[in-house]
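Chemist: I'll drop the sequence and a predicted model, then ask my questions.
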Amino acid sequence: MSDEPVRPKPYVGLFSQVSPSDRLRLRGIIDFVIERLIQFAGVSTIFIVGLIFFFLIREGLPAFLDIPLRQLFGGRWYPIDDFFGLWPLIVGSILVTVGAIVIAIPLGLTTAIYLGEFAPQWQREILKPLIEVLAGIPSIVLGFLGWVVLAPIVQRLGAPTGLTVFTGSLILAYMSLPTIISISEDALYAVPKEYRDGALAIGATQWQAVWRVVLPSARSGLVIAIMLGIGRAIGETMAVMMVTGNAANVPGLGLDMLFQPVRTMTATIAAEMGEVAQGSLHYSVLFAIGIVLFVITFGINSLAGRLMGTQAGRRRKENI
Amino acid sequence: MPNSHQVKIAIQDVSFTYSDGTEALRNISFDVYTNEIFVLFGPSRSGKSTLLKLLNRLSDLSEGATIRGGILFNGQDVFDHRVNVATLRRQISMVFAIPTPLPGSIRDNLTYGLRMGGIRSIDVLNERIERSLKQAALWDEVKDRLDKSAFALSGGQQQRLCLARSLAMEPDVIVLDNPTSGLDPLSTETVEESLQELKQRYTIIIVPHSVQQATRIADRAAFLLDGDLIEIGQATDIFVAPQDKRTEDYITGRFG
């Protein structure tokens, strides 16, 4: 046993052999490199998005220049005879999407409310994974189901054909349901338990507590859930292509327009892209459809962003 | 000091076991008298909050728990299946440790429960708002901004708003689970003072923030430890000359 006091071991690290001033400089360089790398990653994403947009414009622009706007947004889509009217496609997309939203929002929100607020634990444990599974079903499989199972049922309801707006909306609604359910359930879950207890403690019934307290508190999360669900519905292609009949017609106003075949913008691009000659007018019209789709989704996204922005702003003001 | 000893709440041999098997309460029995401040104190996890939640059946929210024994409120068993839980909670109103303002204005917070109770007359609502805010010592601070969001209030004001919300319901019993935990000393004093006034009209059961607070406000007190009722008595006795060694150790700060 030596009485020698134990000396602390000298620090042995990456830069321990480097003089302190050099060490500082080295750190500075490493910092700089990492910062640039992150900057590069960030900027390149934006750059690629810009490139995609540029490419879309370059390929689609001739359509806008060569075809009179009146005809381009006219009602006749007969590419073989050089009639490129986008109106039926736009109407088709809007009809199918709006139909899907109208079906999906009430179903999705009520399911989330049931799961989050009313269902006993054991039901929740069964249902939640099932909903995740629903989200994992490839869209083509749902399209297939729609074609084989749903379409004949719709036809039996009295529609001239089973491949209609309604069929497409149903399939799309089911496709966006898992997104809406799981995100709005998360939003409900994030509402502090104290809010519910507070409402119950002054004599609210469970439903009153949910309706007056939980739902208003979860509002912004619920909006996000709906927006993401709609996003999934608008961009969907394959399933819609299989079940909407692909007839580029503008259904006349009325309830029965839900039971007519339409063709959506996405389905048109997917169906015809393989058959056009590159550089032809038809080719650039398909890109023009892409531009229109882009403008519509961009509009919806920024509207949602503004809605949520003002809400977040109001909440922030409230919390001061 | 109530000499009449009129029993408001009778807790009779109550045991409570959570679904995971944790025994939160074991064979608790005691009475709470009308118009007194009854303090339940003890270290954390001694079962105080669980007991409070049993009183107005907020315990219904813990799935799979086992309750034995009975609680009589004005002579009626609260666990009777014929009891309307919403009505019971209006009579035995609860304020929590964390302020729980509901989304909406200060006015909304106060009238929310009343409207559910079927009161619609603007005059009655306004009268209740003013009186309950005065009772909770908040009126002067908020009377000019009743329509502003309740979240814009400070933590202390929010807590007093929750107290006012309970009072607006004109309950029979007010149950407070550590209501001053997030409050500054000044707000705490305000709340404690208003409790002394409130007991003229209501019966108050409270889990205090500290032993010091318990001694300041209690008429009678009960000491809970690990789900057992160790000692119960007049505040003048239990805090001055506790009978049980464990109560003494806790009060003098030897543990807890």
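Modeler: Now that the structure is in, tell me what you want to look at.
Chemist: What count of nearby residues applies to whatever residue of the stretch 101-250 of chain B ends up closest to chain A?
Modeler: Closest approach between the stretch 101-250 of chain B and chain A, counting by CB to the nearest CB: residue B:113, at 3.8 Å. C-beta coordinates here come from the backbone N, C-alpha and C atoms, glycine included. Residues near residue B:113, counting by other CB atoms under 10 Å in any protein chain shown, number 26.
Chemist: Not counting sequence-adjacent ones, nearest residue to it?
Modeler: Spatially, and ignoring its direct neighbours in sequence, residue B:113 is nearest to residue A:202 (3.8 Å; CB to CB, 6 or more residues apart in numbering or on different chains).
Chemist: Distance check, the one you found against residue B:23.
Modeler: Distance from residue A:202 to residue B:23, counting by CB to CB, to the nearest Å: 30 Å.
Chemist: same check, this time on residue B:231
Modeler: Remark: distance between residue B:231 and residue B:23 (CB to CB) = 20 Å.
Chemist: Looking at these two, which one has more neighbours?
Modeler: Neighbour count, other CB under 10 Å: between residue B:231 and residue B:23, residue B:231 has more, with 18 against 14.
Chemist: how distant is the helix or strand hosting residue B:53 from the center of its chain?
Modeler: Assessed by DSSP states H and E, residue B:53 sits inside helix B:48-55. Relative to the centre of its chain, helix B:48-55 is centred 9 Å away, using CA atoms, centre = their mean, to the nearest Å.
Chemist: any idea which helix or strand carries the residue of chain B found nearest chain A?
Modeler: Per CB to the nearest CB, residue B:100 is where chain B lies closest to chain A, at 3.2 Å. Residue B:100 belongs to no helix or strand when elements are defined using DSSP H and E.
Chemist: what does the model give it for pLDDT?
Modeler: At residue B:100, the model reports a pLDDT of 82.
Chemist: OK, contacts around the spatially closest residue to it that is not a sequence neighbour?
Modeler: Nearest non-adjacent residue to residue B:100, counting by CB to CB, 6+ apart: residue A:198, 3.2 Å away. By CB atoms under 8 Å, 6 or more residues apart in numbering or on different chains, the contact set of residue A:198 is A:213, B:96, B:100, B:101, B:102, B:162.
Chemist: quick one: which of those has the most company?
Modeler: residue B:162 (28 neighbours).
Chemist: Could I get the phi/psi values of that one?
Modeler: Main-chain dihedrals, residue B:162, degrees, to the nearest 10: phi -60, psi -40.
Chemist: Residue A:103 versus residue A:90, what's the distance?
Modeler: As judged by CB to CB, residue A:90 and residue A:103 stand 21 Å apart.
Chemist: Now the helix or strand where the residue nearest to residue B:100 lies: buried residues?
Modeler: According to DSSP H and E, residue A:198 maps onto helix A:193-201. In terms of neighbour count (16 or more other CB atoms under 10 Å in any protein chain shown), helix A:193-201 has its buried residues at A:194, A:195, A:196, A:197, A:198, A:199, A:200, A:201.
Chemist: And for the last one, nearest residue in space, chain neighbours not counted?
Modeler: If I follow you right, that is residue A:201. Using CB to CB, 6+ apart, the closest residue to residue A:201 is residue B:94 (3.9 Å).
Chemist: swap in the second one?
Modeler: For residue A:195, the nearest residue in space outside its immediate sequence neighbours is residue A:213; the separation is 5.1 Å by CB to CB, 6+ apart.
Chemist: Go ahead and confirm the one you found touches residue B:108.
Modeler: No: applying CB atoms under 8 Å, one finds residue A:213 not in contact with residue B:108, separated by 10.5 Å.
Chemist: overlap in contacts of those two?
Modeler: With CB under 8 Å, 6+ apart, residue A:213 and residue B:108 have common neighbours residue B:102.
Chemist: circling back to that earlier point, how close does the residue of the stretch 101-250 of chain B closest to chain A get to residue B:171?
Modeler: Look at residue B:113 and residue B:171: by CB to CB, they are 10 Å apart.
Chemist: Show me the common contact partners of those two, please.
Modeler: Listed contacts common to residue B:113 and residue B:171 are residue B:90; contacts here mean CB under 8 Å, 6+ apart.
Chemist: Show me what counts as buried in the helix or strand harbouring residue A:171.
Modeler: Of the helices and strands defined by DSSP H and E, residue A:171 is found in helix A:165-189. Going by neighbour count (16+ other CB under 10 Å), the buried part of helix A:165-189 is A:165-185, A:187-188.
Chemist: before we move on, the earlier item: tell me the contacts of the residue of chain B closest to chain A?
Modeler: Residue B:100 makes contact with A:192, A:194, A:195, A:197, A:198, B:162, according to CB under 8 Å, 6+ apart.
Chemist: Next up, phi/psi of it, please.
Modeler: Dihedral pair for residue B:100: phi -120, psi 60, per degrees, to the nearest 10.
Chemist: is any part of the helix holding residue B:53 close to chain A?
Modeler: No: Helix B:48-55 lies out of reach of chain A by CB under 8 Å from any CB of the partner chain, never closer than 8.7 Å.
Chemist: any residues touching that helix, and which ones?
Modeler: By CB under 8 Å, 6+ apart, the residues outside helix B:48-55 that reach it are B:9, B:11, B:14, B:16, B:24-25, B:28, B:40-42, B:59, B:61, B:67, B:71, B:73, B:78, B:92, B:94, B:173, B:175, B:177, B:205, B:207, B:224.
Chemist: Over to stretch B:17-34?
Modeler: Looking at what lies outside stretch B:17-34 - CB under 8 Å, 6+ apart - the contacts are B:2, B:4-16, B:38, B:47, B:50-51, B:54, B:62-66, B:69, B:173, B:203, B:205, B:220, B:222, B:224, B:227-229, B:232.
Chemist: buried sites along that stretch?
Modeler: Quick answer for stretch B:17-34 (16+ other CB under 10 Å): B:17, B:24, B:25, B:26, B:28, B:30, B:31, B:32, B:33, B:34.
Chemist: Tell me the bridge partners for residue B:9.
Modeler: Assessed by DSSP bridges, residue B:9 has beta-bridge partners residue B:32, residue B:73.
Chemist: Run through the residues that contact it.
Modeler: With contact taken as CB under 8 Å, 6+ apart, residue B:9 is in contact with B:31, B:32, B:55, B:71, B:72, B:73, B:173, B:203, B:205.
Chemist: Buried only: go through these for me.
Modeler: Applying 16+ other CB under 10 Å to the contacts of residue B:9 flags B:31, B:32, B:55, B:71, B:72, B:73, B:173, B:203, B:205 as buried.
Chemist: Please list all residues in contact with the fifth one.
Modeler: With contacts defined as CB under 8 Å, 6+ apart, residue B:72 is in contact with B:7, B:9, B:10, B:12, B:78.
Chemist: Find the residue at the geometric middle of chain A.
Modeler: Per CA atoms, centre = their mean, the C-alpha nearest to the average position across chain A is that of residue A:231, at 2.7 Å.
Chemist: contact partners of the helix or strand harbouring that one?
Modeler: Counting by DSSP H and E, the element that carries residue A:231 is helix A:219-235. For helix A:219-235, contacts defined as CB under 8 Å, 6+ apart pick out A:93, A:96-97, A:100-101, A:104-105, A:108-109, A:112, A:172-173, A:175-177, A:179-181, A:183-184, A:186-188, A:190, A:215, A:266, A:293, A:296-297, A:300-301, A:304, A:307-308, A:311-312, A:315.
Chemist: what about residue A:217, distance to chain B?
Modeler: Noted for residue A:217: a distance of 5 Å to chain B, by CB to the nearest CB, to the nearest Å.
Chemist: nope, residue A:222 is what I meant
Modeler: 13 Å.
Chemist: Near that residue, how many residues? Count them for me, please.
Modeler: 22.
Chemist: Can you give me the pLDDT of it?
Modeler: Per-residue pLDDT puts residue A:222 at 89.
Chemist: Could you check how far it is from residue A:297?
Modeler: Counting by CB to CB, the separation of residue A:222 from residue A:297 is 20 Å.
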